[in-house]
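Asks: Kindly generate the corresponding structure for this input.
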Amino acid sequence: MPMDQKIKVEYDAKTGRFLIACPFYLNSLPRGLPTRRWDGKNRHWTAPAIRANVQFIDNKFGPSVAHFSERARDAIICLKEKYATMEVERKSVKRFPSWYPFKTQPRKKQQEALDKGYGLHALALFMDMRTGKTKVVIDIASALRMQDEIDHVLIVCPLSIRRNWLHEIADHAPFPIDAHLLDTSKPKKFDDWMARKHDFKWLIVGVESLAAGSATKYCERFLMASLKALMAVDESSKIKNHQATRSKNCVDLGKKAKVRIAMTGTPIANGPMDIFMQFEFLDPDIIGIGDFYSFRNQYAIMGGYEDRQIVGYQNLEELIEIIEPYIFQVRKSEVFPDAPPSIFIHREVQLNPDQRKLYDQMRKEKKVEGDNKSLIVQNTLEKMLRLQEITSGIVSWASTEEQRERGESKFYRELIPGENPKIAELLDVTDEYDGPTIVWCAYVDEIQLVCAALRKKFGDDQVVELHGAVDEHQRDINVKKLFQGGHARFLVGNAATGGMGLTMSIAEIEVYMSNTFNYIDREQSQERAFGPDKKNGTVIIDIIAERTVDEHIVEALSQKKNVSEYVRGSIDDLKDKLFTGVES
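Replies: Sure thing, here's the model as predicted:
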């Protein structure tokens with residue numbers, strides 16, 4: 001066939017896509033690609049360089065019908081070599097090196113994780129909280145350094161637990177590591193650290209920071225300083241949103257690392273779709289399906305209005321078989337089978353008259369009104385949020401035009417008059433249970449109310465705070481030195497800020513004044529008080545306003561669902577089913 005009548009295949013290394021131009025009478029060939037799109041502007045097909053597409057092109061685009069550019073041919077050769085290496089990796093059995101000088105001896109399940117993960121270029125540590133995944137990463141990275149496989153490590157984690165990594169490195173690394181917490185407001189500090197000679201550098205950055213370009217550029221610079229870097233994402237459920245900038249930036253950064261590790265105890269809190277971006281970070285070729293929508297079409301069943309809602313799942317056995325070689329999963333019950341169970345208690349209160357009036361008005365009319373002020377909500381979830389504020393003793397109003405012109409926020413909050421029944425109940429709880437206590441609140445205003453009441457009763461030195469307004473260094477002092485050290489009886493915090501990665505095992509009681517709408521926040525925060533050597537289980541108390549949204553929120557979270565999912569009622573909880581086949 002003449003050259004001008006053949007399919008022409010080019011490769012764009014920047015986007016990782018094949019560009020396929022062909023005569024109309026050969027269009028049936030590119031249409032057979034597992035994942036492809038038509039680019040009408042440039043009059044060619046684009047296809048991501050994934051395993052299925054490479055195999056299809058290699059098998060179907062023979063020399064009689066297709067012409068490959070040098071870049072396209074080289075890309076196919078390199079990708080085929082990579083897939084062959086992955087097949088060997090999937091089937092090989094390696095053990096963590098026996099010569100490794102552990103600073104702290106691993107528990108049985110940690111040793112199993114080390115044996116499973118050592119030598120893999122991509123590893124998902126789906127280990128429940130407190131089962132020791134941080135130590136596993138430190139030991140894998142240190143062993144790889146000793147074999148000159150890596151020399152840089154990038155850790156991406158929630159901002160609230162960055163300092164926890166410093167403590168864990170000090171506890172478990174068998175030799176000195178030069179770790180740096182990224183602060184983009186102090187570029188000279190980063191420059192000086194990069195210039196300082198050291199055998200093994202670790203950069204620790206908050207995942208929230210990757211929503212901005214500046215932090216991502218520092219990470220790129222760090223990774224590009226070495227061709228032998230390991231990148232780990234701690235609490236990788238934070239990058240599950242395929243549309244979020246920080247998720248995309250994590251995936252792009254991962255491409256510059258030689259070894260990648262995802263770490264979380266809640267890989268699929270909302271269903272199997274949560275898996276996609278975590279494995280895109282680890283290696284897009286593990287699942288090898290191209291993009292989120294192709295992944296959803298393969299493994300989700302769509303329904304509802306215009307087929308836009310996920311109503312079920314399909315082909316999960318296939319998905320599990322594909323990803324299993326790269327996963328190590330362990331339940332807390334496997335590591336600590338004799339740990340005492342937590343005790344769950346609901347304490348119910350009645351709204352005071354002013355709360356009930358505002359609550360009923362918002363519930364019935366989707367608005368509240370007062371003297372020259374009002375607030376109208378637009379949807380069900382916003383309505384639930386405002387109702388929950390009212391049960392906490394707070395009411396939001398819409399800012400006036402004059403306030404907005406002064407640069408004030410769209411909403412402002414006021415305390416509802418009268419005795420706050422939840423605060424009164426909390427004080428009763430402190431009389432009945434006299435041990436170290438964590439109090440979780442959804443709102444900073446509520447934290448301030450709780451702190452004021454507890455300080456009035458027990459003194460300023462008995463109460464410490466943990467929320468976004470407390471700087472990172474002070475959080476570390478509040479948790480480790482004052483609360484965990486036994487100097488303060490109460491730690492009052494926000495689960496979204498303080499619920500991940502921190503150890504507060506001294507706590508005997510956890511009280512939820514209110515919950516965020518996120519199931520992961522609840523599960524993670526509940527586990528902060530877990531301790532394998534505790535003789536008694538933690539008492540977990542929900543203070544619930546009767547006949548209010550509190551009841552629905554706690555019910556949704558008890559079913560392991562985000563409140564938004566509970567409201568829609570369209571996504572099943574398959575967390576345990578996906579990996580163990582056991583109902584939760």
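
Asks: Q329 falls within a helix, correct?
Replies: No - counting by DSSP: H, G, I helix; E, B strand; the rest coil, Q329 falls outside a helix, being strand.

Asks: Phi first, then psi, for the residue nearest to it when sequence neighbours are not counted.
Replies: Among residues not flanking Q329 along the chain, F126 sits closest, at 4.2 Å (C-beta to C-beta, 6 or more residues apart in numbering). For glycine as for every other residue, the C-beta is placed from the backbone atoms N, C-alpha and C. For F126, the backbone dihedrals (degrees, to the nearest 10) come out as phi -90, psi 70.

Asks: I'd guessed F126 sits against F328; true?
Replies: Yes - counting by C-beta atoms under 8 Å, F126 does reach F328; the two are 7.0 Å apart.

Asks: So what does the closest residue in space to Q526 that isn't next to it in sequence look like in phi/psi?
Replies: Ranked by C-beta to C-beta, 6+ apart and with sequence neighbours excluded, the top spatial neighbour of Q526 is I540, at 6.2 Å. Main-chain torsions, I540, degrees, to the nearest 10: phi -110, psi 120.

Asks: Am I right that I540 is in contact with H346?
Replies: No - if you go by C-beta under 8 Å, I540 and H346 don't touch, sitting 10.0 Å apart.

Asks: Counting neighbours, go ahead and name the busier of those two.
Replies: Comparing I540 with H346 by neighbour count (other C-beta atoms under 10 Å), the higher total belongs to I540, at 19 against 13.

Asks: if we can go back for a sec, for the residue nearest to Q329, give its distance to G498.
Replies: 23 Å (C-beta to C-beta, to the nearest Å).

Asks: ok, now P2?
Replies: Relative to G498, P2 is positioned 69 Å away (C-beta to C-beta).

Asks: likewise C22?
Replies: From C22 across to G498, the span is 57 Å (C-beta to C-beta).

Asks: Settle it for me: which of the two has more neighbours?
Replies: Each of C22 and G498 has its neighbours counted (other C-beta under 10 Å); G498 has more, 29 against 21.

Asks: I'd like the distance between the more buried one and L491.
Replies: For G498 relative to L491 (C-beta to C-beta), the value is 8 Å.

Asks: tell me, what's touching the two both at once?
Replies: Here G498 and L491 have 466, 479 as joint contacts, going by C-beta atoms under 8 Å, 6 or more residues apart in numbering.

Asks: need the helices for the stretch 301-450 of the chain, in chain order.
Replies: 316-323, 332-335, 353-365, 380-391, 401-405, 421-432, 444-458 (DSSP state H, counting those that start in this stretch).

Asks: Give me the contacts around the longest helix along the chain.
Replies: Secondary structure of the chain per DSSP state H: the longest helix is helix 70-91. Here helix 70-91 makes contact (C-beta under 8 Å, 6+ apart) with 9-11, 13, 18, 49, 51, 54, 57-58, 68, 119-121, 283, 285-286, 325.

Asks: got the residue ranges for the strands in the stretch 51-200 of the chain?
Replies: Secondary structure of the stretch 51-200 of the chain (DSSP state E, counting those that start in this stretch): strands located at 66-68, 122-127, 152-157, 178-181.

Asks: Deepest-packed of those strands, please.
Replies: When these are scored by mean count of other C-beta atoms under 10 Å, the highest mean neighbour count falls to strand 152-157 (a mean of 26).

Asks: what packs against it?
Replies: Here strand 152-157 touches strand 201-206, helix 213-224, strand 229-234, helix 245-254, going by 3 or more C-beta pairs under 8 Å, 6 or more residues apart in numbering; DSSP states H and E.

Asks: Partner strands of that strand, with direction?
Replies: strand 201-206 (parallel), strand 229-234 (parallel) (DSSP bridges).

Asks: where does the stretch 351-500 of the chain dip in pLDDT?
Replies: For the stretch 351-500 of the chain, the stretches flagged by pLDDT under 70 are 401, 403-407, 499-500.

Asks: S505 contacts K534, correct?
Replies: Yes - counting by C-beta under 8 Å, K534 is a contact partner of S505 at 6.7 Å.

Asks: Domain boundaries for this protein, per the record?
Replies: Domains of the chain are assigned by automatic domain parsing as 3-90, 96-335, 343-352+418-571.

Asks: will you turn those domains into CSV that also has distance to T380?
Replies: Below are the domains of the chain laid out as CSV (distance: least, C-beta to C-beta, whole Å):
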stretch, distance to T380
domain 3-90, 35
domain 96-335, 15
domain 343-352+418-571, 6
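
Asks: Relative to S399, which of those is closest?
Replies: Closest to S399 of the domains of the chain is domain 343-352+418-571 (C-beta to C-beta; 15.7 Å).

Asks: Quick one: distance of the closest one to the chain centre.
Replies: When C-alpha coordinates are averaged (C-alpha atoms, centre = their mean, to the nearest Å), domain 343-352+418-571 and its chain have centres 20 Å apart.

Asks: go on, stretch 317-336?
Replies: On the basis of C-alpha atoms, centre = their mean, stretch 317-336 sits 17 Å off its chain's mean C-alpha point.

Asks: for the record, mean pLDDT for it?
Replies: The pLDDT scores in stretch 317-336 average 86.

Asks: count of neighbours near G531?
Replies: By other C-beta under 10 Å, the residues close to G531 number 16.

Asks: cool, the one 4 residues further on as well?
Replies: For K535, the number of neighbouring residues by other C-beta under 10 Å comes to 6.

Asks: Might one say that it is in contact with A339?
Replies: No - checked against C-beta under 8 Å, the pair K535 and A339 is beyond contact range at 10.1 Å.

Asks: follow-up on the earlier one: okay, the helices and strands packed on strand 152-157 in TSV with distance to E149 and mean pLDDT next?
Replies: Output for these, formatted as TSV (distance: least, C-beta to C-beta, whole Å; pLDDT from 0 to 100):
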stretch	distance to E149	mean pLDDT
strand 201-206	15	96
helix 213-224	15	93
strand 229-234	9	96
helix 245-254	17	95
